[in-house]
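In: sequence first, then the predicted structure:
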Amino acid sequence: MNIHKIILPTPFAVGNVNVFLIQGERLTLVDAGVKTEEAWQAFQQQINEIGFTVSDIEQIVLTHHHPDHVGLLDYFENDIPVIGHHRNDVWISRDEAFIRHHDAFFAELFPKAGIDEKYLGALAGLKSMLRYSCERSLTHAVKEGDSIPGLSGWEVIETPGHALDHIALYHPQEKVMIGGDLLLEKVSSNPVLEPPQTVGGEREKSLLHYNHSLERLRQFDIDILYTGHGNEIHNVNELVDERLKKQRDRAAKVLLMLREKPSTVFMICQQLFPEIYKKQLSLTMSETLGQLDYLESVDAVTVDLSNGYWVYYAK
Ligand SMILES: [Zn+2]
């Protein structure tokens with residue numbers, strides 16, 4: 001199997017990101033690093049070391065829309081095929097209507113989550129967060145079970161949760177998966193909060209999607225799982241158990257807090273992530289709301305919205 005791992009720097013706390021070059025019938029790049037000059041230089045250099053130049057790359061597949069996985073698309077020729085889940089396109093193309101929908105969704109959600117007004121100003125709109133991202137469009141949308149042209153033997157697996165457009169690529173004969181950020185060697189993936197697909201649609205519960213995607217991993221026979229950050233994973237089932245246990249432990253902790261005192265999402269967030277929440281409000285709120293969604297799904301809490309914001313009670 002000809003898979004080459006390319007490690008690129010990012011300006012984010014997560015550190016480096018991995019992208020992969022697969023020598024199928026078409027030379028395919030999976031994911032495209034963050035849009036910085038530094039990442040582009042590192043990319044070109046490593047492509048050359050493998051024996052190729054950038055112009056040899058014939059198509060790009062995206063595991064999900066996060067900037068560290070798509071930003072370098074802007075450095076490629078305009079006519080290169082870009083393949084990903086259909087929900088990816090509004091993000092990478094910076095669809096105006098979607099940006100408005102995104103920002104309106106969070107402007108409504110955060111007060112309901114009980115966030116102090118003084119922090120609301122710090123929540124930048126989507127546009128300003130897209131600095132390291134790209135402005136491109138998918139040329140080809142894929143879904144569960146699809147194959148990818150020029151990449152025979154590989155199939156698309158939908159793995160929503162960390163992002164709702166997240167996909168993995170699986171090669172059953174070789175027992176290899178390229179998993180994006182579905183399961184990482186050293187850290188848990190954040191169940192990032194996203195607006196629903198349509199205006200007025202119901203909020204999608206990222207952590208519940210994520211747990212389901214993790215559980216699904218057990219169905220596949222995987223010798224090597226290539227990841228978006230860090231090393232390859234060989235003991236997939238073991239690590240899935242570990243991640244799910246860690247999530248349940250954290251949920252149990254949240255339930256104890258609620259037994260002490262009914263709370264808003266933000267109050268729980270401050271207790272779970274003291275200090276960090278000030279710097280990483282979106283990510284810590286995603287994680288907190290995820291735990292509360294989980295507790296609600298197992299019928300351990302109730303929610304009251306009568307004052308205009310959610311108050312969670314332990315059952
Ligand atoms: Zn990501």
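Out: Great, that's in hand.

In: just the buried positions in the helix-or-strand element of the chain with minimal mean pLDDT, please.
Out: Within the chain, no helix or strand scores below helix 126-129, which has a mean of 73 by mean pLDDT, DSSP states H and E. By 16 or more other C-beta atoms under 10 Å, the buried positions in helix 126-129 come out as Leu126. All C-beta spots, glycine's among them, are computed from the backbone N, C-alpha and C.

In: how many other residues sit next to whichever residue of the stretch 101-250 of the chain sits closest to the ion?
Out: Using C-beta to the ion, Asp181 is the residue of the stretch 101-250 of the chain that sits closest to the ion, at 4.1 Å. Other residues near Asp181 number 26, with proximity taken as other C-beta atoms under 10 Å.

In: quick check, it in contact with Leu62.
Out: No - contact between Asp181 and Leu62 fails when scored by C-beta atoms under 8 Å: they sit 11.8 Å apart.

In: okay, and the common contacts of these two?
Out: His69 (C-beta atoms under 8 Å, 6 or more residues apart in numbering).

In: got the contact list for the longest helix along the chain?
Out: The single longest helix within the chain, with elements called by DSSP state H, is helix 236-260. Applying C-beta under 8 Å, 6+ apart, the contact partners of helix 236-260 are 183, 185, 188, 207, 211, 214-215, 217-218, 220, 222, 225, 233, 263, 268, 271-272, 288, 291-292, 294-295, 300-301, 312-314.

In: select only the buried ones of those in ChimeraX?
Out: This is the ChimeraX syntax for the buried subset of those, where burial follows 16+ other C-beta under 10 Å:
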select :183,207,211,214,217,222,225,233,263,268,271,272,288,291,292,294,295,300,301,312,314
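
In: related to what we said a few turns ago, now the least confident helix or strand of the chain, how far from the chain's geometric center?
Out: Centroid displacement of helix 126-129 relative to its chain, using C-alpha atoms, centre = their mean, to the nearest Å, is 16 Å.

In: list the contacts of Gln44.
Out: By C-beta under 8 Å, 6+ apart, the contact set of Gln44 is 53-54.

In: now do it against the ion, distance only.
Out: Distance, Gln44 to the ion, by C-beta to the ion, to the nearest Å: 23 Å.

In: which SS class is that residue?
Out: State at Gln44, reduced to three classes by DSSP: H, G, I helix; E, B strand; the rest coil: helix.

In: where's Ile60, which helix or strand?
Out: strand 59-61 (DSSP states H and E).

In: quick one: strands adjacent to that strand?
Out: strand 27-30 (parallel), strand 82-85 (parallel) (DSSP bridges).

In: dump the ones you listed to CSV, plus mean pLDDT, mean neighbour count and distance to Met129.
Out: Compiled in CSV, those are given as follows (pLDDT from 0 to 100; neighbours: other C-beta atoms under 10 Å; distance: least, C-beta to C-beta, whole Å):
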stretch, mean pLDDT, mean neighbour count, distance to Met129
strand 27-30, 98, 24, 23
strand 82-85, 98, 24, 19
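
In: distance to the ion added to the ones you listed, as TSV?
Out: Formatted as TSV, those follow (distance: least, C-beta to the ion, whole Å):
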stretch	distance to the ion
strand 27-30	14
strand 82-85	13
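
In: could you redo the ones you listed as TSV and give each row distance to Val199?
Out: Formatted as TSV, the strands paired with strand 59-61 follow (distance: least, C-beta to C-beta, whole Å):
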stretch	distance to Val199
strand 27-30	32
strand 82-85	20
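
In: quick one: closest of the ones you listed to Gly308.
Out: If you check each of the strands paired with strand 59-61 against Gly308 by C-beta to C-beta, strand 82-85 wins as the nearest, at 35.0 Å.

In: dump that closest one to PDB, restricted to CA.
Out: Extracted C-alpha coordinates of strand 82-85, given in PDB (Å, rounded to 0.1, in the frame of the first residue of the first chain):
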ATOM      1  CA  VAL A  82     -12.000  18.400  -4.500                       C
ATOM      2  CA  ILE A  83     -13.900  15.600  -2.900                       C
ATOM      3  CA  GLY A  84     -15.700  15.500   0.400                       C
ATOM      4  CA  HIS A  85     -19.000  15.100   2.200                       C
END
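
In: ok so, going back, buried residues, the longest helix of the chain. List them.
Out: In helix 236-260, counting by 16+ other C-beta under 10 Å, buried: 236, 239-240, 243, 247, 250-251, 254-255, 257-258.

In: over to stretch 137-157?
Out: For stretch 137-157, burial by neighbour count (16+ other C-beta under 10 Å) applies to 138, 142, 146, 148-151, 153-157.

In: and which of these is nearest to Thr53?
Out: Gly150 (18.3 Å).

In: did I read that right, the closest one in a strand?
Out: No - counting by three-state DSSP, one finds Gly150 to be coil, located in no strand.
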